[in-house]
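Colleague: Just to be clear, the model below is a prediction. Sequence and coordinates:
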There are 2 protein chains.
Amino acid sequence: MVPQPTVFAAGRTGPWRIESSTAVLGEGLPVAPRLTVAPAATPVVDAAWCVRGVHGHARYATAAEARELAARSAPLGRREATCGAMILVRKSAAWWALAQDERRELLEERSRHVSAGARYLPEVARRLFHGREMAEPFDFVTWFDFAPSARDAFDTLVATLRSTEEWTYVDREVDVRLLREDTGAPVPGG
Amino acid sequence: MVPQPTVFAAGRTGPWRIESSTAVLGEGLPVAPRLTVAPAATPVVDAAWCVRGVHGHARYATAAEARELAARSAPLGRREATCGAMILVRKSAAWWALAQDERRELLEERSRHVSAGARYLPEVARRLFHGREMAEPFDFVTWFDFAPSARDAFDTLVATLRSTEEWTYVDREVDVRLLREDTGAPVPGG
């Protein structure tokens, strides 16, 4: 019942090929050819980098928004979704010092984060992982998968979010693009 | 900048004497005489039980409520606050399946959780630790300290919270009462 942490480990093996890894803001991640995703209890050896996060309950969406998202969402791991992406984000101390109503106001009322994501459903499937409470270097890891035909849509979604007021609170961001080369790749977070 | 986890370890040593440990709902905790509180990276040996949590950002209080709480709060670790308490709580899957607005409505608009705690400030100081994202058995550990003269006030606060609609979502609760026997006891979570 308790959500189990997931580890994203980059190294020499894994079903996902790392196509690119871009330091959008702040320090990037070491270069590695492949990525493995597994329950965090799995021993990780020889990783160039490894980040952890837990897919828990939603922090901002209202019940109405959650219903709309659920109705329009696609599951991760669709056969045609051979493109993956990980957006790793850390937010500033100023963000975390805000109260819940202030963060919600910035995230949705002023930056339309929830509705921007909804616009690209069901083409772009996503799952959010929280790392902050695990003392990880990134507060959030968002995992996406989509068909090659949705690449432009995904780039537009990412660019839209980066132009928002919410994103001025991001103080580190890495953008990792992936290609699935093994159809048996497990879906992150179950 | 990232909040660091704290460990609460019960065993033969520690500055806090465990006065009582009550299984309010569900399984209790093994009996032990003393409690140590330390950064979670500290090695724990011979513990009868040990739980972890991280004191992070507030999840429900609005900016106005946070300002009022800050203005009225007392710090943990006051010389006269020789009584301690830990309320360990797990909430049900039904709680975690609710959206943010539904949880806020239950917690404050219908159960007055934030304002109930504020009523006992500054006598009863408190700090909340989250364990859910760390795959801990308890979702929340709330640490309190107060002078012996505030014992009845604390009992009233706990009884008030247990009678709320929010508390119907609690599916495990342990209530641990403590006495500080070493004035150098560190304050949980820094």
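Modeller: Right, received. Where do you want to start? Numbering: from 1, shown residues only, chains lettered A, B, ... in the order given.
Colleague: and chain A, which of its residues are near chain B?
Modeller: Within reach of chain B by Cβ under 8 Å from any Cβ of the partner chain, chain A has these residues: A:1-5, A:54, A:56-63, A:65-66, A:93, A:96-102, A:104, A:130, A:132-137. C-beta here means a position set from N, CA and C on the backbone, and glycine is covered the same way.
Colleague: Just the ones of the residues you listed in strands?
Modeller: residue A:130 (DSSP state E).
Colleague: Mark which of the residues of chain A next to chain B are buried, thanks.
Modeller: When those are checked for burial by 16 or more other Cβ atoms under 10 Å in any protein chain shown, the buried set is A:2-3, A:5, A:54, A:56-58, A:60-62, A:65-66, A:96, A:98-101, A:104, A:130, A:132-134, A:136-137.
Colleague: Excluding chain neighbours, what is closest to the residue nearest in space to the middle of chain A?
Modeller: Centroid-nearest residue in chain A: residue A:142, 0.8 Å away (criterion: Cα atoms, centre = their mean). Leaving out its chain neighbours, the residue that sits closest to residue A:142 by Cβ to Cβ, 6 or more residues apart in numbering or on different chains is residue A:87, at 4.8 Å.
Colleague: now residue A:36
Modeller: Distances taken as Cβ to Cβ, 6+ apart place residue A:14 nearest to residue A:36, at 3.5 Å, with adjacent residues excluded.
Colleague: mind listing the helices for chain A?
Modeller: Secondary structure of chain A (DSSP state H): helices at A:63-72, A:93-96, A:100-104, A:113-119, A:151-162.
Colleague: Not counting its own residues, what contacts the second one?
Modeller: For helix A:93-96, the external contacting residues (Cβ atoms under 8 Å, 6 or more residues apart in numbering or on different chains) are A:103, A:132, A:169, B:1, B:56-57.
Colleague: any chance of the residues you listed in a markdown table, plus pLDDT and distance to residue B:160?
Modeller: Output for the contacts of helix A:93-96, formatted as a markdown table (pLDDT from 0 to 100; distance: Cβ to Cβ, whole Å):
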| residue | pLDDT | distance to residue B:160 |
| --- | --- | --- |
| A:103 | 96 | 28 |
| A:132 | 94 | 31 |
| A:169 | 97 | 36 |
| B:1 | 64 | 35 |
| B:56 | 89 | 25 |
| B:57 | 91 | 25 |
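Colleague: and the lowest-mean-pLDDT helix or strand in chain A, what does it pack onto?
Modeller: The weakest-scoring helix or strand in chain A, judged by mean pLDDT, DSSP states H and E, is helix A:113-119 (a mean of 89). Secondary-structure packing of helix A:113-119 (3 or more Cβ pairs under 8 Å, 6 or more residues apart in numbering or on different chains; DSSP states H and E): helix A:63-72, helix A:151-162.
Colleague: quick revisit: give me every residue that touches the residue nearest to residue A:36.
Modeller: By Cβ under 8 Å, 6+ apart, residue A:14 lies in contact with A:34-37.
Colleague: go with 7 Å
Modeller: Going by Cβ atoms under 7 Å, 6 or more residues apart in numbering or on different chains, residue A:14 touches A:34-36.
Colleague: can you check residue A:141 too?
Modeller: Residue A:141 neighbours (Cβ under 7 Å, 6+ apart): A:8, A:51, A:53, A:86, A:88, A:129, A:131.
Colleague: could you check the distance from it over to residue A:173?
Modeller: Distance of residue A:141 to residue A:173, given as Cβ to Cβ, to the nearest Å: 11 Å.
Colleague: got it, and residue A:140?
Modeller: From residue A:140 across to residue A:173, the span is 10 Å (Cβ to Cβ).
Colleague: any low-confidence regions in chain A?
Modeller: Judged against pLDDT under 70, the low-scoring parts of chain A cover residues A:1.
Colleague: mind running it again at 80?
Modeller: Scanning chain A for pLDDT under 80 picks out A:1-2, A:183, A:190.
Colleague: Near residue A:149, how many other residues are there?
Modeller: Using other Cβ atoms under 10 Å in any protein chain shown, residue A:149 has 10 neighbouring residues.
Colleague: out of the contacts of residue A:141, what pair is the most spread apart?
Modeller: Across the contacts of residue A:141, the longest distance by Cβ to Cβ is 11.8 Å; it joins A:86 and A:131.
Colleague: which one of residue A:140 and residue A:173 has more residues nearby?
Modeller: Counted by other Cβ under 10 Å, residue A:140 and residue A:173 do not tie: residue A:173 has more neighbours, with 21 against 18.
Colleague: what are the bridge partners for that one, then?
Modeller: Residue A:173 has these beta-bridge partners by DSSP bridges: residue A:25, residue A:89.
Colleague: Now for it: which residues touch it?
Modeller: Residues in contact with residue A:173, defined by Cβ under 7 Å, 6+ apart, are A:24-26, A:87-89.
Colleague: hmm, 6 Å instead?
Modeller: Applying Cβ atoms under 6 Å, 6 or more residues apart in numbering or on different chains, we find residue A:173 in contact with A:24-25, A:89.
Colleague: closest to chain B among these?
Modeller: residue A:89 (13.2 Å; Cβ to the nearest Cβ).
Colleague: Is the residue nearest to the centre of chain A in contact with residue A:88, as I believe?
Modeller: No - Residue A:142 is beyond contact range of residue A:88, at 8.2 Å (criterion: Cβ atoms under 6 Å).
Colleague: ok, residue A:167 - how many residues close by?
Modeller: Using other Cβ under 10 Å, the number of residues around residue A:167 comes to 18.
Colleague: quick one on the thing from earlier: can the contacts of residue A:14 go into JSON lines with extra columns for neighbour count?
Modeller: JSON lines is the format used below for those (neighbours: other Cβ atoms under 10 Å in any protein chain shown):
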{"residue": "A:34", "neighbour count": "18"}
{"residue": "A:35", "neighbour count": "27"}
{"residue": "A:36", "neighbour count": "20"}
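Colleague: of the residues you listed, closest to residue B:184?
Modeller: Nearest to residue B:184, judged by Cβ to Cβ, of these is residue A:36 at 45.7 Å.
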